[in-house]
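A.B. asks: A structural model of the following input is requested.
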Amino acid sequence: MTLHPLAVQPAVKNIRFIRKGEVVNLGNVPPGRTVLELLREDLGCTGTKEGCGEGDCGACTVVLGQIEDGALRLRAVNSCIRLAHSIDGMALWTVEDIAPTLPTACGSLPPGGALRLRAGEAGSAAPAGGEVAPTLPTACGSLPPGGALRLRPGEAGSAAPAGGQSPHALRLRAGEAGSVAPAGGDVGAEPTLHPAQEAMVQCHASQCGFCTPGFVMSLFGMYHNHVSRGEPITRALAQEELSGNLCRCTGYRPILDAAQRMASLRPVALDENALLSKLELLAQSGYAQEPDSAYKLPYTLAELLRLRAAQPAAQLVAGCTDVGLWVTKQHRQFSDIIDLTQVAELRRIEVHPDHLLIGAAVTLADAFAALVNERPQLHPFASRFAGLPVRNSGTLGGNIANGSPIGDSMPLLIALGARIVLMSERGPREMPLEQLYTGYRQNVMAADEVLAFIKVPKAGSPHPCPLPEGEGVETEIKNAALSGPLAPSLLWAEKIEAETRNAARPASLAPSPLWGEGGGEGLPEFLRVYKISKRYDDDISAVCLAINLHIEKGVVARASIGAGGVAATPARAARTETFLTGQPWTQATAQRAMQVLRAEFSPISDMRASSAYRSEVLGNLLQRYWLESQGVEQINLESFVLEERA
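C.D. replies: This is a model prediction of the structure:
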């Protein structure tokens, strides 16, 4: 019999986070372990469910809290693809933590539910002097799926005799750090549910119950981010913030009702001041890096660049929304990981006179919020990028560096003329975003470089819609689609392009693309970005097209077009830009440009769409852009508002 040596587990630093008001300190957690695995397998807290294992269904949703600009910021995230070490120094809430008084079979543990037991101590599985494995002897798995629904004394599964009090109910004092009971509340009375849970009960919003814990946690985040701050929850807001949670049997109407019902229930508040104090103390004690740790979490850019130079083969991670799938679906393991998410310089958004500077570790939610603030028309597109838990965890830099041909942020950024800044200890270098890619998931970054910043030109003045007289020959367009579609022809498109490439243009027009800072300055821009997918929400694009034209006196002065899903990389439609620049913005120009655009790319067929479909859609989207430039509105789903019926 051949004996094989056991793989040596790489050394890792302890994970420390706050749960239920207490510090949790866990050791021996492998670098590739997910938060969901930590909760369910190591801590035995099975209220958080595993559904898809890829961040699509939301059954595993938990809420993370951390300090941002001196305040507590809560985010709902997918625990199935979030690496456990990435929550070091944060606060964590699961569905088992949010009721004002939590009935739990973990009553034998301290209030934190996962504080490490000393070796040799009663309840510890490690002998005296030994190391404690992250798995703790808990019995959270005996909780109902919702994690906080009380069993009546004497009922099957209840540990309390009829008429008695369960001995396992954790009794946090009202107003105590980690307690969600209102200060001065009666904690001796029968415990109540959190408004997120109570609203789900009152609205009959759970059927099989498997997705319910995830919905409850998204509602929990929504409650404390909006209701607790006096902000109303509209139907539209509820739909947007629950788009990352899927339900297969109840239907969404009662769940959306529950989202709006929360504000009418007895208010519950977090003790934010006490929690902030604990997070600050945790941060002060945890900045030192362990040199031999397999999971490194640098806090400064200089430290990140030093680590990257020393370990160029280490896996870089940010929100783990893609790398997490490598772990859960491909079962890949990493000996060394460098996490960018706590690098202070990369978490900032700076507003300069002619551009926005977005750090690579800024979450997609915050990055899109900054872009929408500059260009409000981007909001519908931004809200369709995955679901909110993915946007709360994933980063803009990660989406760009990943280089997926169906990454939605890149076509938009290309159309906006964005540039990226790569950095190493050797210094920075800057380039247009589209020049980063050399092939499918291949890029020009050296082994010691990281993507550090994204520079997005600020918006020019928005074009009026419809365009005023003289800004296009056709000013009256019916709502029906344009007639007489032209058959795609590569030779025809090339002929049109050749004939127009050297056509005379007004001397005042400069046919340069938007590659510099302040590219939108001086000329009005008409920007639209389109996403085509099988589902409206929480889905991957088959085609993504962003079009940004600057039109002056009826002539296209500048054209900037980014496309995704139609090539091996996100790409600039350079030939179509060349064709459009200097041409009058008319229906005839738009129809010609449709054919040039269709001929410019050779998309593949896959599970999301065929090659022919993608090519056809490219042209159709340019036609849609033309119609919208003429004031036609009822040609997209955003223009429809469903009326509610009793």
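A.B. asks: need the strands for the stretch 1-150 of the chain, in chain order.
C.D. replies: Listed in chain order, the strands of the stretch 1-150 of the chain (DSSP state E, counting those that start in this stretch) span 15-19, 22-26, 61-68, 71-78, 91-93, 102-103.
A.B. asks: Compare the ones you listed and give me the one nearest Ala370.
C.D. replies: Across those, the minimum distance to Ala370, taken as Cβ to Cβ, is reached by strand 61-68, at 14.0 Å. Quick note: C-beta positions are derived from backbone N, CA and C, even for glycine.
A.B. asks: Could I have the CA atoms of that closest one written out in CSV?
C.D. replies: In CSV, the C-alpha atoms belonging to strand 61-68 read as follows (Å, rounded to 0.1, in the frame of the first residue of the first chain):
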residue,chain,number,x,y,z
THR,A,61,-28.1,36.2,2.2
VAL,A,62,-26.5,37.6,5.3
VAL,A,63,-25.9,41.3,6.3
LEU,A,64,-22.4,42.7,6.9
GLY,A,65,-21.7,46.0,8.8
GLN,A,66,-18.6,48.1,8.7
ILE,A,67,-17.5,51.6,9.4
GLU,A,68,-17.5,54.0,6.4
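A.B. asks: mean pLDDT for the strands of the stretch 1-150 of the chain: which is lowest?
C.D. replies: Here the lowest mean pLDDT among those goes to strand 102-103, at a mean of 45.
A.B. asks: buried ones in stretch 604-616?
C.D. replies: Residues of stretch 604-616 classed as buried by neighbour count (16 or more other Cβ atoms under 10 Å): 608-609, 614-616.
A.B. asks: Go through the strands of the stretch 1-150 of the chain and name the closest to Arg332.
C.D. replies: When the strands of the stretch 1-150 of the chain are compared for distance to Arg332 using Cβ to Cβ, the nearest one is strand 71-78, at 18.0 Å.
A.B. asks: show me the contacts for the closest residue to Ala263 other than its chain neighbours.
C.D. replies: Leaving out its chain neighbours, the residue that sits closest to Ala263 by Cβ to Cβ, 6 or more residues apart in numbering is Val227, at 4.8 Å. Contacts for Val227 (Cβ atoms under 8 Å, 6 or more residues apart in numbering) come out as 195, 233, 262-263, 267.
A.B. asks: can I see the domain layout of the protein?
C.D. replies: 15-153+164-264, 295-457, 490-639 (automatic domain parsing).
A.B. asks: Would you reformat the ones you listed as JSON lines and include distance to Ala274?
C.D. replies: Shown next, in JSON lines, are these (distance: least, Cβ to Cβ, whole Å):
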{"stretch": "domain 15-153+164-264", "distance to Ala274": "3"}
{"stretch": "domain 295-457", "distance to Ala274": "23"}
{"stretch": "domain 490-639", "distance to Ala274": "35"}
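A.B. asks: Tell me which of those lies nearest to Leu282.
C.D. replies: Each of the domains of the chain was checked against Leu282 via Cβ to Cβ, and the shortest separation belongs to domain 15-153+164-264, namely 5.4 Å.
A.B. asks: Next, the distance between the ends of that closest one.
C.D. replies: End-to-end distance of domain 15-153+164-264 (Cα to Cα, to the nearest Å): 38 Å.
A.B. asks: rewinding a little: what is the nearest of the contacts of Val227 to Ala415?
C.D. replies: Looking at those and their distance to Ala415, the nearest is Ile233, at 32.8 Å (Cβ to Cβ).
A.B. asks: for the closest one, phi and psi?
C.D. replies: Main-chain dihedrals, Ile233, degrees, to the nearest 10: phi -100, psi 110.
A.B. asks: Make 812 the first number, not 1, from now on.
C.D. replies: Okay, residue one is now 812; in that scheme the one you just asked about reads as Ile1044.
A.B. asks: Isn't it up against His1037?
C.D. replies: Yes - under the contact definition of Cβ atoms under 8 Å, Ile1044 touches His1037, with a separation of 5.6 Å.
A.B. asks: shared neighbours of those two, which are they?
C.D. replies: Between them, Ile1044 and His1037 share no neighbouring residue, with contact defined by Cβ under 8 Å, 6+ apart.
A.B. asks: phi, psi of Ala1176?
C.D. replies: phi -60, psi -50.
A.B. asks: Need the nearest residue in space to it, chain neighbours excluded.
C.D. replies: Arg1202 (4.1 Å).
A.B. asks: quick one: contacts for the one you found?
C.D. replies: Taking Cβ under 8 Å, 6+ apart, we find Arg1202 in contact with 1174-1176, 1179, 1196.
A.B. asks: now, which of the residues you listed lie within helices?
C.D. replies: For those, membership in helices holds for 1175-1176, 1179, with DSSP state H as the criterion.
A.B. asks: Which of these has the largest number of neighbours?
C.D. replies: Most neighbours among these, by other Cβ atoms under 10 Å: Leu1175, with 25 neighbours.
A.B. asks: Next one, pLDDT for the residue lying closest to that one once chain neighbours are set aside please.
C.D. replies: Of all residues not flanking Leu1175 in the chain, Arg1202 sits nearest, at 4.2 Å (Cβ to Cβ, 6+ apart). According to the prediction, Arg1202 has pLDDT 96.
A.B. asks: before we move on, the earlier item: now the two most distant members of the contacts of Val1038.
C.D. replies: Across the contacts of Val1038, no pair lies farther apart than Ile1044 and Pro1078, at 13.8 Å, counting by Cβ to Cβ.
A.B. asks: Among the two, which residue is more densely surrounded?
C.D. replies: Between Ile1044 and Pro1078, Ile1044 has the larger neighbour count (other Cβ under 10 Å), namely 20 against 12.
A.B. asks: Phi first, then psi, for Gln1402.
C.D. replies: Dihedral angles phi and psi of Gln1402 (degrees, to the nearest 10) take the values phi -70, psi -40.
A.B. asks: Ser1440 too?
C.D. replies: Here the main-chain torsion angles of Ser1440 (degrees, to the nearest 10) amount to phi -70, psi -20.
A.B. asks: so it makes contact with Glu1336?
C.D. replies: No - checked against Cβ under 8 Å, the pair Ser1440 and Glu1336 is beyond contact range at 11.5 Å.
A.B. asks: beta partners of Pro1268?
C.D. replies: Following DSSP bridges, Pro1268 is listed with bridge partners His1166.
A.B. asks: quick one: low-confidence parts of this structure?
C.D. replies: Residue ranges of the chain with pLDDT under 70: 812-821, 912-1002, 1097-1102, 1272-1333, 1452-1457.
A.B. asks: what residue is smack in the middle of it?
C.D. replies: Against the mean C-alpha coordinate of the chain, by Cα atoms, centre = their mean, the closest residue is Arg1202 at 1.3 Å.
A.B. asks: what about that residue, which helix or strand?
C.D. replies: Following DSSP states H and E, the helix or strand that holds Arg1202 is helix 1199-1204.
A.B. asks: any idea which helix or strand comes after that helix?
C.D. replies: Moving toward the C-terminus from helix 1199-1204, the next element (DSSP H and E) is helix 1207-1213.
A.B. asks: what's the helix or strand following that following helix in contact with?
C.D. replies: Later in the chain than helix 1207-1213, the nearest helix or strand by DSSP H and E is helix 1220-1226. Counting contacts by Cβ under 8 Å, 6+ apart, the residues outside helix 1220-1226 that touch it are 1175, 1178, 1182, 1189, 1192, 1196, 1207, 1210-1211, 1243-1245, 1265, 1267, 1325, 1338, 1340, 1355-1359, 1371-1375, 1381-1383.
A.B. asks: How far away from the center of its chain is helix 1220-1226?
C.D. replies: Between the mean C-alpha location of helix 1220-1226 and the chain-wide mean there is a distance of 16 Å, by Cα atoms, centre = their mean, to the nearest Å.
A.B. asks: can I get the strands of the stretch 812-961 of the chain in CSV with mean neighbour count and distance to Asn1431?
C.D. replies: Formatted as CSV, the strands of the stretch 812-961 of the chain follow (neighbours: other Cβ atoms under 10 Å; distance: least, Cβ to Cβ, whole Å):
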stretch, mean neighbour count, distance to Asn1431
strand 826-830, 23, 49
strand 833-837, 19, 53
strand 872-879, 22, 36
strand 882-889, 22, 33
strand 902-904, 24, 45
strand 913-914, 24, 53
